[in-house]
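Trainee: Give the three-dimensional model of this entry:
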Amino acid sequence: MIGPRSSMPHLARVLAVLALLPLGSARAEGIGFAAERAFPAAGACYGRRYDADHLARHPGQVVSSIHLSGSSRSLIERRPQADRIDPEFDLTLRVVFTDGGRAEGEIGCAETGGRIRRCGRGASCAGSFAVDLLPDGRLRLVNDDADSRLAQPVVGAPGFSPDATCRASGRFVPPDAQNRVFLLTRLPLSACGPERRD
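Mentor: Predicted coordinates:
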């Protein structure tokens, strides 16, 4: 029979392990996803178009539609060189702003520990965003402005941009409350095809 003294170290170890496990959606935020699950080699498209009622209820929101598309094919090809380079794949981000402005560009999503957690153009002075695949299949983009808070930030403005570079300004999505989280639904690939002017 194990007495109370000898069971304490075992109990402490069990509690320590339990403390590391995710508990609900709040602790699961930012855990990332497997690239092929969200963006298979055949490609995938996620997007959201905000209607007039939504924009009226969120007058500070500057995005009227946002689409993210691409394939994990290049990441799969780069994984064998992971000991020399950081595996990454490119996606196309398209944003239509409420003032009629538009921005589109390629963004990179680096793989860390087999998971995708951030995407952006940080090395191009355009910022980045946290990304996660939710259990219901939607993609969550979190405009957390992490690049502006670095010790030596290189971003041109707070938030993220699909088209800014270090030598040219672009349109940024500001990281305020109305533009912080975007929930994108999986759409047919054609929805992320050539841009429709509507």
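Trainee: need the strands for this protein, in chain order.
Mentor: Secondary structure of the chain (DSSP state E): strands at 44-49, 63-70, 88-97, 102-112, 115-120, 128-133, 139-142, 181-187.
Trainee: Find me the pLDDT at V173, would you?
Mentor: V173 carries a pLDDT value of 93.
Trainee: again with the one 5 residues further on
Mentor: For Q178, the model assigns a pLDDT of 92.
Trainee: Ok, the one 5 residues further on next?
Mentor: For L183, the model assigns a pLDDT of 96.
Trainee: For it, the count of nearby residues, please.
Mentor: Counted by other CB atoms under 10 Å, the residues lying close to L183 total 13. Quick note: C-beta positions are derived from backbone N, CA and C, even for glycine.
Trainee: correct me, but P87 touches L75?
Mentor: Yes. With contacts counted by CB atoms under 8 Å, P87 reaches L75, the gap being 5.4 Å.
Trainee: Find the residues that touch each one of the two.
Mentor: By CB atoms under 8 Å, 6 or more residues apart in numbering, P87 and L75 have these common neighbours: E111.
Trainee: rewinding a little: I'd like to know which of the strands of the chain lies nearest to R167.
Mentor: Evaluated with CB to CB, those place strand 102-112 nearest to R167, the distance being 13.9 Å.
Trainee: Residues touching the closest one, excluding its own?
Mentor: The contact list for strand 102-112 (CB under 8 Å, 6+ apart) reads 32, 35, 75, 79, 86-97, 116, 118-121, 123, 126, 128, 131, 161-163, 170-171, 195.
Trainee: Grab the nearest non-local neighbour of the most centrally placed residue in the chain.
Mentor: The residue lying closest to the centre of the chain (CA atoms, centre = their mean) is V131, at 2.3 Å. Among residues not flanking V131 along the chain, C119 sits closest, at 5.2 Å (CB to CB, 6 or more residues apart in numbering).
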